[in-house]
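[1] return a 3D structure for these sequence lines:
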Amino acid sequence: MPAKKPTPAPSSSPPPQPSPDPAPEQGLRLVEDGLLYALAEVPSKSGGRVAISVSLAEGEDGSPLRDLVNLYAFRRRRAFAQLVAEAFAREASAVLGALNLLLDHVERAQTRTQPTGQAALTKGRRRAAERLLERADLLDRAAKALEGLGVVGEGRAKRLLFLVAVSRLLPKPLSAILIAPLSSGKSELLERVSELVPPESLEFLSRLTPHALYYAGADHLRHKLVVVEEQKGASEADYPIRTLQSRGVLRMTTTLKGKAHSFETFGPIALLSSTTRSDLNAENLSRCLELPLDDSLAQTERVLEAQRQAWAGKRRRPVNVELWRDAQRLLEPLEVVIPFAPQLTYPARTSRDRREHAKLGSLIQAHALLHQRQRERDPHGRLVATVEDYEAVHALLASLLDDQLDELSARASRLYRWLAEEAELPSVTRRDVKEALGWSLSTARRALDELVRHELLKAQSGSKPIHYELLTRSLLHGGVGLTAPDELEG
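    Numbers count the residues shown, from 1 in each chain. Below is the predicted model:
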């Protein structure tokens, strides 16, 4: 764990400051931007709320603001920072920075009295989790658990999202974004996947401000799954998200009351998000698995049937969520090697495939990491992936890769292939697409509009309904695809 940098001296002289590492029984005090932040006691590392008061440092008139706050919960810190900012006419970002400095004091005080590491599981819980981790069908069981939690269909997305969650323990974790229309179950799927992740390894957010990740705390996000409910809620933080994913660390220096303060946040992180848009930042998408959800009429019928079954009182088999969390608590963050990697092939179409190819390797590593109790280690202690790991990933990724063409979303790629290879009409309408591909009219419209923007289709003016004509088949590349699992040796 990286050593923490010394906290800069407070910017105001009165009242006198305590030593940076006070004894826990003394509580903690910090002065920043003319405000005195005081804790009655040092909170435990397991979290929980602690009494905190904020008052004017100069002893001016005015009642202190008091509240119970869980300093280890980022959303709670951010909400409390907003309260303080409104009460004392300060900038919320500056208050959040002061709370981060206070948390730094807390963590250093804890190192004197508290051991690090997770709380031990009971023997019974540990053995149950070990038995689960020894199952060869572990990923299928995770998908079954998500079904038990209410996720209907979406077999591919369930498995891939769970692997992304596990990948948080890799040196280079994965990220994924769900792309689907409104009311297609994006938020529910993210929430259900999050339920299987230990709370201490999860950060579930509705919105990220530009500097929020810098103030999260040095090690608060390390090897965590960060879930942003809707991608537009993180649009202001695009750059720090990309930096944390690619470099594994964020650094910022800012000035508070004439004093320079440095903030560091260490990753790596795995990231999950969702959106209804197909025209997202290309730089962000290049780092994410793009997962379209099934908004077909058949999927809608399955969802409606599940709702009727619930109304009839037919309950699903209960899911032991804590068992899945315990199993993930037992997973070690290990380096994974893929000995058969030189035998793998991947389509080399554009420069984007360089990053897409890296995602293939990360998925194989995540699957091996999930099954680490069933995998061997090499003389250097690294986990050794097997062909079985690739076989599971190939089953999930092959169809997704087939649906993707250069700079097009998965749905637009699928429509383009249908128009170029299967459609027998010289031009098509939205209803033709709807009936041929089983989509809703709105999904058909978005995919057609995307192809028009990329100058692959032409909308015939003056026709009602509008007819669309394919302009080129140039995106259909030949060449190699993914290696079939049965072609691998070893």
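
[2] what kind of secondary structure is Arg355 in?
    Classification of Arg355 by DSSP: H, G, I helix; E, B strand; the rest coil places it in helix.

[3] mind pulling up the pLDDT for Leu174?
    Model confidence at Leu174, expressed as pLDDT, equals 90.

[4] how many residues are close by it?
    Look at Leu174: counted by other C-beta atoms under 10 Å, it has 26 neighbours. In short, each C-beta sits where N, CA and C put it, glycine included.

[5] from Arg192, how far out is it?
    18 Å (C-beta to C-beta, to the nearest Å).

[6] now do the contacts for Ser55.
    Going by C-beta atoms under 8 Å, 6 or more residues apart in numbering, Ser55 touches 35-36, 38, 62-65.

[7] emit the ChimeraX select command for whichever of these are buried.
    The buried subset of the contacts of Ser55, as determined by 16 or more other C-beta atoms under 10 Å, is captured in ChimeraX by this line:
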select :35,36,38,65
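
[8] which pair in the contacts of Ser55 spans the largest distance?
    Farthest pair in the contacts of Ser55 (C-beta to C-beta) is Ala38 and Gly62. Separation: 14.7 Å.

[9] what does stretch 301-317 rub up against?
    147-148, 150, 152-153, 185.

[10] list just the nearest of the residues you listed to Lys464.
    Gly185 (33.8 Å).

[11] does that closest one touch Val151 like I think?
    Yes - the criterion here is C-beta atoms under 8 Å, and Gly185 meets it with Val151 at 7.4 Å.

[12] what helix or strand does Ala392 sit in?
    Using DSSP states H and E, Ala392 maps to helix 387-402.

[13] using CSV, write down the CA coordinates of that helix.
    Extracted in CSV, the C-alpha atoms of helix 387-402 (Å, rounded to 0.1, in the frame of the first residue of the first chain):
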residue,chain,number,x,y,z
VAL,A,387,-8.5,-23.5,-22.4
GLU,A,388,-11.7,-23.9,-20.4
ASP,A,389,-11.4,-20.2,-19.5
TYR,A,390,-11.1,-19.2,-23.1
GLU,A,391,-14.0,-21.5,-24.1
ALA,A,392,-16.4,-19.7,-21.7
VAL,A,393,-15.3,-16.3,-22.9
HIS,A,394,-15.5,-17.3,-26.6
ALA,A,395,-19.1,-18.4,-26.1
LEU,A,396,-19.9,-14.9,-24.7
LEU,A,397,-17.8,-12.8,-27.0
ALA,A,398,-18.0,-14.4,-30.4
SER,A,399,-21.5,-13.2,-31.2
LEU,A,400,-20.8,-9.8,-29.7
LEU,A,401,-17.8,-9.4,-31.9
ASP,A,402,-19.7,-10.5,-35.0
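
[14] show me what counts as buried in that helix.
    Buried residues in helix 387-402 (16+ other C-beta under 10 Å): 387, 389-390, 392-394, 396-397, 400-401.

[15] helices or strands up against it?
    helix 155-166, helix 353-370 (3 or more C-beta pairs under 8 Å, 6 or more residues apart in numbering; DSSP states H and E).

[16] most neighbours per residue, which of these?
    Among the helices and strands packed on helix 387-402, helix 155-166 has the highest mean neighbour count (mean count of other C-beta atoms under 10 Å), at a mean of 24.

[17] relative to helix 155-166, how tilted is the helix or strand following that one?
    Next along the chain after helix 155-166, taking DSSP H and E as the criterion, comes strand 175-179. Using axes from the mean of the first three to the mean of the last three C-alpha atoms, to 10 degrees, the direction of strand 175-179 lies 150 degrees away from that of helix 155-166.

[18] how far off helix 353-370 does strand 175-179 point, in degrees?
    110 degrees.

[19] pretty sure Leu65 contacts Val84?
    Yes - look at Leu65 against Val84 with C-beta under 8 Å: they come within range, at 6.2 Å.

[20] can you pull the residues that touch both of these two?
    Val54.

[21] contacting residues for Asp267?
    That one is not Asp; residue 267 is Gly. Per C-beta under 8 Å, 6+ apart, neighbours of Gly267: 173, 221-223, 244-245, 248-250.

[22] switch the residues you listed over to CSV; also include secondary structure, neighbour count and distance to Ala89.
    Listed next are the contacts of Gly267 as CSV, based on DSSP: H, G, I helix; E, B strand; the rest coil; neighbours: other C-beta atoms under 10 Å; distance: C-beta to C-beta, whole Å:
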residue, secondary structure, neighbour count, distance to Ala89
Pro173, coil, 26, 40
Leu221, coil, 21, 30
Arg222, coil, 20, 35
His223, coil, 18, 38
Leu244, helix, 23, 32
Gln245, helix, 21, 36
Gly248, coil, 16, 37
Val249, strand, 15, 34
Leu250, strand, 22, 29
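
[23] please consider this matter closed, and thank you.
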